[in-house]
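Asks: just coords:
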């Protein structure tokens, strides 16, 4: 079971986290593209899954800021 935690962040802190998540997301998307080009299917799957999970967290934080 995944442990749920609560954090209180200022808007600036949330923006810092969003920036970091966006950079990580872009890195995983690029890694998936490279792996796809080199026909490394297991890596494509792992990088794509990581990018999707990061995007989900990023989007949750973004919704809180809206």
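Replies: Received it, and whenever you're ready, just let me know what you need. For clarity, every value in this text was computed on a predicted model and none was experimentally measured.

Asks: by contact count, what packs against the longest helix along the chain?
Replies: Under DSSP state H, the helix in the chain containing the largest number of residues is helix 11-37. For helix 11-37, the contact count by 3 or more CB pairs under 8 Å, 6 or more residues apart in numbering; DSSP states H and E identifies helix 41-65 as packing neighbours. For glycine as for every other residue, the C-beta is placed from the backbone atoms N, C-alpha and C.

Asks: What angle do helix 11-37 and the helix it packs on make with each other?
Replies: Here helix 41-65 runs at an angle of 160 degrees relative to helix 11-37 (axes from the mean of the first three to the mean of the last three CA atoms, to 10 degrees).

Asks: Tell me how far helix 41-65 lies from the chain's centre.
Replies: Relative to its parent chain, helix 41-65 has a centroid offset of 4 Å by CA atoms, centre = their mean, to the nearest Å.

Asks: residues of it that come out buried?
Replies: If you call a residue buried by 16 or more other CB atoms under 10 Å, then helix 41-65 has these buried ones: 44, 47-48, 50-51, 54-55, 58.

Asks: Rebuild those as JSON lines, extending it with distance to residue 10 and pLDDT.
Replies: As requested, those are arranged in JSON lines below (distance: CB to CB, whole Å; pLDDT from 0 to 100):
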{"residue": "44", "distance to residue 10": "37", "pLDDT": "98"}
{"residue": "47", "distance to residue 10": "32", "pLDDT": "98"}
{"residue": "48", "distance to residue 10": "32", "pLDDT": "98"}
{"residue": "50", "distance to residue 10": "27", "pLDDT": "98"}
{"residue": "51", "distance to residue 10": "27", "pLDDT": "98"}
{"residue": "54", "distance to residue 10": "22", "pLDDT": "98"}
{"residue": "55", "distance to residue 10": "23", "pLDDT": "98"}
{"residue": "58", "distance to residue 10": "17", "pLDDT": "97"}
